[in-house]
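Novice: 3D, please:
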Amino acid sequence: MARTQPKQRYQSPELHALPAGPLERPPVAARRTSAMPMLAGHDVKALVARYGSPLCVVDESKLRTAYRKMIGAFRAAWPDTHIGCSVKTNYLSAVVAVLRNEGAWGEVVSGFEYRLCRDLGIPGSEILFNGPYKTDEDLELGFREGARMHLDSDDELERVIALSRTFDQPREVGLRCSIQLNYPPWDKFGFSLETEHALEAARAIAREPKLRLTGLHAHIGTYLPDPAVYGKAAEALIAFALRLERELGVEIGYLDLGGGYATRNTLHHTMLPGEALAVTAEDYAAAITGPLRKAARQFRRAPRLFLEPGRFLVDEAVSMITTVRAVKRGSGQQKAALVDCGVHILPTAYWYDHEIRPVEEKEGTLESYRMVGPLCMQIDCVRQSIVLPSLRAGDLLVIQDVGAYNFSQSMQFIYMRPTYVMAHERGVDVIRERESDAYVREPERLPEHLVNDETRGSILLRGR
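Specialist: Take a look at the predicted model:
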């Protein structure tokens with residue numbers, strides 16, 4: 001007869017404080033954001049006096065440090081790892097050049113980005129060419145120069161098969177695979193693994209005498225702070241690669257796990273700040289290389305690993321200096337601080353609560369502000385709500401972690417793009433000059449029937 005367990009006496013739950021750590025913060029009402037008088041070792045006021053406001057500052061040292069952290073973490077676990085610099089994330093040439101100087105390959109999604117990499121001395125053989133649409137010229141140039149071309153659709157595959165008939169010798173191709181790991185599904189790109197669409201594409205490539213399938217690529221999403229998702233993607237890609245080697249007799253020489261790695265930026269409507277959610281390069285490396293090490297001996301030859309981190313490399317290396325131009329009372333009790341940096345040059349404000357810090361240390365009252373830009377549109381809002389020491393016109397602020405997607409998605413709308421500088425221990429270099437009216441209007445032309453005495457001297461008539 002089984003012995004009955006003695007009944008446990010009920011004890012009411014108790015609340016215990018979590019141990020203090022680097023993320024411990026006081027309540028918003030009592031929080032005082034620390035001042036940031038220096039950027040990359042340079043006085044913020046002096047930078048604005050020299051280059052104007054707003055001003056975008058790239059910290060070269062932080063850029064290099066981020067690359068070294070990522071490549072170091074992965075190579076410690078899988079030595080044959082290479083990083084492709086995601087050019088679309090920030091295609092300032094100086095930024096790409098720094099990462100190339102550290103050893104990065106190029107990762108591009110258009111002919112424009114490909115040519116940018118080539119202009120910086122990156123050979124075609126060290127460029128990963130992704131994207132859902134490549135022009136005929138892109139395909140021809142990429143294949144001719146030995147770029148790793150990742151095919152994205154049936155139509156693109158048909159175009160490449162037709163192009164391969166002109167090749168003098170077989171060329172290597174990669175296949176972008178869609179893996180359903182997120183909701184909503186990240187399925188705009190590539191060939192589905194689950195429906196065996198990717199297998200059909202691989203078989204079609206194997207039938208072509210001038211094509212060799214040598215690589216698989218997957219990019220499963222964006223801003224993914226859960227390393228386990230990458231582990232599942234790696235497992236799926238590895239299983240597919242091994243199946244292809246068994247069934248088609250091909251040798252998969254590399255696996256490309258794409259990008260999407262999260263940083264400390266805080267997404268709108270999340271309960272925790274981004275710094276509490278973001279994980280380390282070591283965490284991502286463990287998730288991806290664990291399955292790879294486990295399956296390594298099953299491959300014909302251990303594959304090379306590619307990564308395409310954009311945000312992880314550049315986001316935290318760039319800051320935007322902005323000036324408060326006016327402070328006014330809104331319809332409620334919250335004040336609005338109008339700054340000269342709008343969403344035209346800071347589009348990531350649409351989905352991030354960027355950290356904003358004053359340049360000068362201030363005592364006195366803390367107040368809640370809605371941070372708005374200078375554009376003549378209601379949606380030009382940099383932060384819906386932020387608590388800062390009392391602001392007044394002329395105060396300088398630093399908006400942190402703006403390196404990813406802001407320059408590449410910026411536009412001229414009402415105000416032009418500002419100066420971009422790179423700061424380092426040797427000094428400060430202008431890497432993109434402030435745009436002028438003439439620069440913005442130069443491509444325009446005025447039709448002949450609109451030309452009159454008043455428009456004779458216009459720049460729109462250039463070349464006539």
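Novice: which pLDDT value belongs to Met271?
Specialist: What the model reports as pLDDT for Met271 is 83.
Novice: host element of it?
Specialist: According to DSSP states H and E, Met271 maps onto no helix or strand at all.
Novice: that one: how many residues sit nearby?
Specialist: 6 (other Cβ atoms under 10 Å). (Each C-beta comes from the backbone N, C-alpha and C, glycine too.)
Novice: and it, backbone torsions?
Specialist: Here the main-chain torsion angles of Met271 (degrees, to the nearest 10) amount to phi -70, psi -30.
Novice: dead centre of the chain: give me the residue that sits there.
Specialist: In the chain, the residue lying closest to the centroid (Cα atoms, centre = their mean) is Arg311, at 3.0 Å.
Novice: okay, now the closest residue to that one other than its chain neighbours: neighbour count?
Specialist: Spatial nearest neighbour of Arg311, excluding adjacent residues (Cβ to Cβ, 6 or more residues apart in numbering): Ala404 at 4.0 Å. Ala404: 27 surrounding residues under other Cβ under 10 Å.
Novice: thought Pro309 was touching Ala404, still the case?
Specialist: No - judged on Cβ atoms under 8 Å, Ala404 makes no contact with Pro309 at a distance of 10.0 Å.
Novice: show the contacting residues for the residue nearest to the centre of the chain.
Specialist: When contacts are counted by Cβ atoms under 8 Å, 6 or more residues apart in numbering, Arg311 touches Ser86, Thr89, Thr222, Tyr223, Gly259, Gly260, Tyr261, Ala262, Thr263, Gly403, Ala404, Tyr405.
Novice: now the fourth one: closest residue in space, sequence neighbours ignored.
Specialist: So that's Tyr223. Ala262 (5.0 Å).
Novice: any idea how far the residue nearest to the centre of the chain is from Arg100?
Specialist: To Arg100, Arg311 is 18 Å away according to Cβ to Cβ, to the nearest Å.
Novice: again, but for Leu248
Specialist: As for Leu248, its distance to Arg100 is 35 Å (criterion: Cβ to Cβ).
Novice: so for the helix or strand hosting Arg144, mean pLDDT?
Specialist: Here Arg144, judged by DSSP H and E, is contained in helix 136-145. Helix 136-145 shows a mean pLDDT of 98.
Novice: and the helix or strand following it, what does it pack against?
Specialist: Per DSSP H and E, the first helix or strand lying C-terminal to helix 136-145 is strand 148-151. Judged by 3 or more Cβ pairs under 8 Å, 6 or more residues apart in numbering; DSSP states H and E, strand 148-151 is in contact with strand 127-129, helix 136-145, helix 154-164, strand 171-178, strand 211-217.
Novice: then the helix holding Arg144 to PDB, C-alphas only?
Specialist: The C-alpha coordinates for helix 136-145 follow below in PDB (Å, rounded to 0.1, in the frame of the first residue of the first chain):
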ATOM      1  CA  ASP A 136      20.000  41.800 -65.300                       C
ATOM      2  CA  GLU A 137      23.000  44.100 -65.000                       C
ATOM      3  CA  ASP A 138      23.400  43.200 -61.300                       C
ATOM      4  CA  LEU A 139      23.300  39.500 -62.000                       C
ATOM      5  CA  GLU A 140      25.800  39.700 -64.900                       C
ATOM      6  CA  LEU A 141      28.200  41.900 -62.900                       C
ATOM      7  CA  GLY A 142      27.900  39.800 -59.800                       C
ATOM      8  CA  PHE A 143      28.500  36.500 -61.600                       C
ATOM      9  CA  ARG A 144      31.400  37.900 -63.600                       C
ATOM     10  CA  GLU A 145      33.200  39.200 -60.500                       C
END
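Novice: list the buried residues of the helix or strand of the chain with the lowest mean pLDDT.
Specialist: Every helix and strand in the chain was compared by mean pLDDT, DSSP states H and E; the lowest is helix 274-277, with a mean of 83. Buried residues in helix 274-277, counted by 16 or more other Cβ atoms under 10 Å: Gly274, Leu277.
Novice: which residues does that helix contact?
Specialist: Against helix 274-277 from outside (Cβ under 8 Å, 6+ apart): Leu23, Pro225, Ala262, Thr263, Arg264, Asn265, Thr266, Leu267, Thr270, Tyr352.
Novice: go with 6 Å
Specialist: With contacts defined as Cβ atoms under 6 Å, 6 or more residues apart in numbering, helix 274-277 is touched by Leu23, Pro225, Arg264, Asn265, Thr266.
Novice: tell me which of those fall in helices.
Specialist: Residues of those located in helices (DSSP state H): none.
Novice: which members of the residues you listed are classed as buried?
Specialist: Buried among these by 16+ other Cβ under 10 Å: Pro225, Arg264, Asn265, Thr266.
Novice: just send these back as JSON lines, with distance to Ala302 and pLDDT too.
Specialist: Supplementary listing: these in JSON lines, determined by distance: Cβ to Cβ, whole Å; pLDDT from 0 to 100:
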{"residue": "Pro225", "distance to Ala302": "29", "pLDDT": "91"}
{"residue": "Arg264", "distance to Ala302": "34", "pLDDT": "91"}
{"residue": "Asn265", "distance to Ala302": "35", "pLDDT": "93"}
{"residue": "Thr266", "distance to Ala302": "39", "pLDDT": "92"}
